[in-house]
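In: turn this into a model:
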Amino acid sequence: MKKTFYTWALALTALATVSSCNSSSTAEQPATSAQQMAYICPMECEGSASMQPGKCPVCGMDLEKNPKFQASADSTTTL
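Out: Residues are numbered from 1 along each chain as shown. The predicted structure follows:
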């Protein structure tokens, strides 16, 4: 009786774990913060995007202008 109970408990736990991993949809993700930044790492290192030019904190390469970045009207000022 205990073996049957433990077998079912293990099976349900495994099923719950597998089903929870597949619940998030990766097909349509909103724009990531890297796409909203003016400069990105050419190696696409995570956490390296910046609004200022500089070096990637992960790999040390120079950050490049992000071709997908579009400045909002609020961020551009004319003097």
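In: in this protein, what spans have low per-residue confidence?
Out: 15-34, 73-79 (pLDDT under 70).
In: give me that answer again for 80
Out: Residue ranges of the chain with pLDDT under 80: 5, 9-35, 71-79.
In: could you pull out the helices for the chain?
Out: For the chain, helices defined by DSSP state H occupy the ranges 2-21.
In: show me the strands in it, by range?
Out: Per DSSP state E, the chain carries strands over the ranges 39-40, 64-65.
In: residue 68 - nearest residue in space that isn't next to it in sequence?
Out: Sequence neighbours aside, residue 35 is the residue nearest to residue 68 in space, at 4.9 Å (criterion: CB to CB, 6 or more residues apart in numbering). (Each C-beta comes from the backbone N, C-alpha and C, glycine too.)
In: which ones are touching that neighbour?
Out: Contacts for residue 35 (CB atoms under 8 Å, 6 or more residues apart in numbering) come out as 66, 68-69.
In: a markdown table please, covering these and showing distance to residue 54 and neighbour count.
Out: Below are the contacts of residue 35 laid out as a markdown table (distance: CB to CB, whole Å; neighbours: other CB atoms under 10 Å):
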| residue | distance to residue 54 | neighbour count |
| --- | --- | --- |
| 66 | 13 | 18 |
| 68 | 19 | 11 |
| 69 | 15 | 15 |
